[in-house]
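Visitor: Kindly generate the corresponding structure for this input.
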Amino acid sequence: MMLCFANVGKAQRRGQALIDSYLSILPSVTKDSVKARYFTILSALYHNINPDKGISFGNKGLELYKRDHMMIGMAKAYNALGQNYNSKNDYPMGMDYYLKALKIYEEQSDTMGMATVMGNIGIIYQSQNQYDKALKYDSLALRYYEHLEDKKGQARLYGNIGVIYDLQEQYGDALAYYEKAIDIDEQIGDKVDIAKNLTNMSSLFYARKDYVKALEYNFTATKINEEIGDRTSLIINYVNMGSYFLEMSHDDKLKISTHDVTATTKQQKLDKAVDYLMRSIKISEEIGYLEGLKAARETLYEVYELQGNYKQALSNFKEMTNIIQKINDTSTKVKIANLETQREKEIKDKQIQIEQLKRANARNERVILIAGIILLLIAIGVVLRSLYNQLNSNKQLAKEKKKHLEHIKAQSTVLMDIAYVQSHEVRGPLSTSWDWLLYSIMTTWQTPTTRSSWKAYLP
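Guide: Residues are numbered from 1 along each chain as shown. Here you go, the predicted structure:
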């Protein structure tokens with residue numbers, strides 16, 4: 001039994017050293033918003049190390065975010081809680097928190113948040129062997145990351161899609177996606193995701209019965225995960241190492257001498273298998289990782305049976321059966337299906353509300369348009385009526401002006417006639433009478449003396 005590793009959505013460094021760093025700072029933090037952020041970060045960091053602690057920190061962060069009505073903070077806390085429940089294989093709880101986070105991110109139009117959660121939902125469906133739904137959510141998340149030009153996100157989703165094809169034994173497609181992921185990881189120097197994709201590639205080569213290559217890829221990934229303290233990834237690496245040594249024990253001619261590991265005989269190979277499987281069981285029990293326990297117990301059952309240790313083989317078989325019942329509890333899929341149905345109903349109801357709002361807006365727009373047209377027509381009517389009245393008024397004024405001018409013209413003619421008559425009938429006789437009168441006076445009463453003095457005035 002080997003395991004494939006699916007990348008989780010949030011890209012953060014993991015390891016006890018980073019956790020210790022945040023824990024040392026936390027007591028000095030007084031601002032609640034900063035505390036909430038640190039609680040949420042610690043929750044996300046713990047999900048691969050100690051999910052129970054991760055859940056505790058996640059709830060603390062969520063409580064503070066809720067109190068201050070910080071929606072994006074709440075979404076991040078929901079996502080971190082979903083990761084921790086997913087690590088515990090409590091898929092209904094994980095899905096519930098993921099959907100709560102997704103709803104907030106959609107309402108806030110937070111594309112990055114939506115991509116992160118959709119990738120995580122894809123992992124839950126993958127764990128339930130619902131590959132079509134897993135591929136649907138992973139493909140959506142990948143499109144968001146491509147739109148955002150987020151290389152880390154793209155690499156993560158390439159790896160996840162590779163796992164889906166791998167589990168369906170479509171190895172060519174799986175290998176192509178793993179290689180895409182690793183190519184980007186190397187460009188951006190993301191060793192954490194390089195280790196995950198190397199682990200997945202080792203599982204692919206194991207499925208193709210290339211055990212030596214599978215061992216080499218897995219061993220390289222194991223060293224990286226030991227350095228960064230990613231315990232969930234180590235469980236997968238250790239289970240895979242046990243599975244590889246078990247398979248290689250069937251080939252007596254195959255000599256293993258690589259990476260400080262020497263196993264030439266069948267017994268040496270089986271002993272190596274038991275060693276790695278027990279390491280994985282120890283960590284799985286500490287963090288409550290049921291998938292890791294199931295895989296390790298199943299492989300141990302085969303190892304002990306091959307060794308003839310039937311008592312241990314039976315014990316591990318019973319343990320494996322109990323774990324499988326917990327993981328494959330029919331209520332788990334029902335709960336997840338109900339959560340998905342509820343989400344689809346909410347989306348449908350929201351879409352109906354949007355359509356109703358659109359129709360209402362369209363009606364309002366039509367009413368406004370008609371009212372506007374009516375007002376415009378009224379305004380045009382008023383303007384036209386005013387213009388008509390003005391034209392009529394102008395015509396009337398023009399007529400009156402014309403009559404007035406004609407009247408003035410008639411008066412002018414009469415006055416001119418009067419003036420003409422007066423100028424010819426008054427001025428002429430007046431001038432003649434005056435000259436004659438003066439002449440008579442001068443000739444009648446003149447003396448020689450006076451005649452000479454008046455003569456100067458005569459014409």
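
Visitor: average model confidence for the strand or helix carrying Asn364?
Guide: Using DSSP states H and E, Asn364 sits in helix 330-425. For helix 330-425, mean pLDDT rounds to 69.

Visitor: Equivalent analysis for stretch 145-157, please.
Guide: Stretch 145-157 comes out at a mean pLDDT of 94.

Visitor: Report the buried residues of it.
Guide: Judged by neighbour count using 16 or more other Cβ atoms under 10 Å, the buried positions of stretch 145-157 are 145, 150, 152-157. Bear in mind the C-beta positions are built from the backbone N, C-alpha and C, glycine included.

Visitor: Need those in JSON lines (columns: distance to His69 and secondary structure).
Guide: Listed next are those as JSON lines, based on distance: Cβ to Cβ, whole Å; DSSP: H, G, I helix; E, B strand; the rest coil:
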{"residue": "Tyr145", "distance to His69": "29", "secondary structure": "helix"}
{"residue": "Asp150", "distance to His69": "28", "secondary structure": "coil"}
{"residue": "Lys152", "distance to His69": "30", "secondary structure": "helix"}
{"residue": "Gly153", "distance to His69": "28", "secondary structure": "helix"}
{"residue": "Gln154", "distance to His69": "33", "secondary structure": "helix"}
{"residue": "Ala155", "distance to His69": "35", "secondary structure": "helix"}
{"residue": "Arg156", "distance to His69": "31", "secondary structure": "helix"}
{"residue": "Leu157", "distance to His69": "32", "secondary structure": "helix"}
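
Visitor: Could you measure from the residue lying closest to Tyr217 once chain neighbours are set aside over to Met74?
Guide: Spatial nearest neighbour of Tyr217, excluding adjacent residues (Cβ to Cβ, 6 or more residues apart in numbering): Ser202 at 3.6 Å. The gap separating Ser202 from Met74 is 38 Å, by Cβ to Cβ, to the nearest Å.

Visitor: okay, these two: which has more neighbours?
Guide: Taking other Cβ atoms under 10 Å, Ser202 and Met74 do not tie; Ser202 has more neighbours (30 against 22).

Visitor: That one against Asn218, yeah?
Guide: Yes. At 3.7 Å, Ser202 and Asn218 qualify as touching, with contact defined as Cβ atoms under 8 Å.

Visitor: Overlap of the contact sets of these two?
Guide: Asn240 (Cβ atoms under 8 Å, 6 or more residues apart in numbering).

Visitor: what about Ala313, how many residues close to it?
Guide: For Ala313, the count of nearby residues is 17 (other Cβ under 10 Å).

Visitor: Local confidence estimate at it?
Guide: Ala313 carries a pLDDT value of 90.

Visitor: repeat for the one 10 residues further on
Guide: Confidence per residue is given as pLDDT, and for Ile323 that number is 85.

Visitor: Contact partners for it?
Guide: Contacts for Ile323 (Cβ under 8 Å, 6+ apart) come out as 290, 293-294, 297.

Visitor: Please flag which of those residues sit within helices.
Guide: 290, 293-294, 297 (DSSP state H).

Visitor: For the residues you listed, please prepare TSV with the additional fields pLDDT.
Guide: Output for the ones in helices among the contacts of Ile323, formatted as TSV (pLDDT from 0 to 100):
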residue	pLDDT
Leu290	86
Leu293	90
Lys294	90
Arg297	92
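
Visitor: Could you single out the nearest of those to Ile224?
Guide: Relative to Ile224, the closest of the ones in helices among the contacts of Ile323 is Leu293; by Cβ to Cβ it sits at 23.2 Å.

Visitor: Okay, the closest one and Lys196: tell me how far apart.
Guide: If you go by Cβ to Cβ, the gap between Leu293 and Lys196 works out to 20 Å.

Visitor: Doesn't Lys282 belong to a strand?
Guide: No. Per DSSP: H, G, I helix; E, B strand; the rest coil, Lys282 lies outside any strand segment and is helix.

Visitor: picking that back up, so among the ones in helices among the contacts of Ile323, which ones count as buried?
Guide: By 16+ other Cβ under 10 Å, the ones in helices among the contacts of Ile323 give 290, 293-294, 297 as buried.

Visitor: Is it correct that Asp110 is in contact with Gly73?
Guide: No. Asp110 lies out of contact with Gly73 (Cβ under 8 Å); the separation is 11.6 Å.

Visitor: list the contacts for the residue most central in space within the chain?
Guide: Closest residue to the average C-alpha location of the chain: Thr111 at 1.6 Å, with Cα atoms, centre = their mean. Neighbouring residues of Thr111 by Cβ under 8 Å, 6+ apart: 144, 147-148.

Visitor: Make JSON lines from those residues and add distance to Asn316 and secondary structure to it.
Guide: As requested, these are exported to JSON lines (distance: Cβ to Cβ, whole Å; three-state DSSP):
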{"residue": "Tyr144", "distance to Asn316": "43", "secondary structure": "helix"}
{"residue": "His147", "distance to Asn316": "48", "secondary structure": "helix"}
{"residue": "Leu148", "distance to Asn316": "46", "secondary structure": "helix"}
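
Visitor: any idea how far the residue nearest to the centre of the chain lies from Leu102?
Guide: With distances taken as Cβ to Cβ, Thr111 is found 12 Å from Leu102.

Visitor: got it, and Lys395?
Guide: In this structure, Lys395 and Leu102 are 76 Å apart, going by Cβ to Cβ.

Visitor: Then Ile235?
Guide: 28 Å.

Visitor: repeat for Ile373
Guide: Distance of Ile373 to Leu102, given as Cβ to Cβ: 45 Å.

Visitor: How about residues contacting the helix or strand hosting Glu286?
Guide: If you go by DSSP H and E, Glu286 is part of helix 266-287. Residues outside helix 266-287 that contact it (Cβ under 8 Å, 6+ apart): 48-52, 87-88, 231-232, 234-236, 238-239, 241-243, 245-246, 248-250, 252, 256, 261-263, 289-290, 292-293, 295-297, 299-300, 303, 306-307.

Visitor: same question, stretch 176-189
Guide: 151-152, 154-156, 158-159, 161-162, 165, 191, 193-194, 197-198, 200-201, 204.

Visitor: Tell me where the stretch 151-300 of the chain has helices.
Guide: 151-167, 171-188, 191-207, 211-228, 231-248, 266-287, 290-307 (DSSP state H, counting those that start in this stretch).

Visitor: State the pLDDT value of Lys272.
Guide: For Lys272, the predicted pLDDT is 88.

Visitor: Among the contacts of Ile323, which one lies nearest to Tyr171?
Guide: Of all those, Tyr171 sits closest to Lys294, with 23.4 Å by Cβ to Cβ.

Visitor: Setting aside sequence neighbours, what's the nearest residue to the closest one?
Guide: Excluding the flanking residues, the one nearest Lys294 by Cβ to Cβ, 6+ apart is Ile323, at 4.4 Å.

Visitor: can you confirm that neighbour is in a helix?
Guide: Yes. Assignment of Ile323 by three-state DSSP places it within a helix.

Visitor: Could you measure from it over to Glu406?
Guide: Where Glu406 is concerned, Ile323 sits at a distance of 121 Å (Cβ to Cβ).
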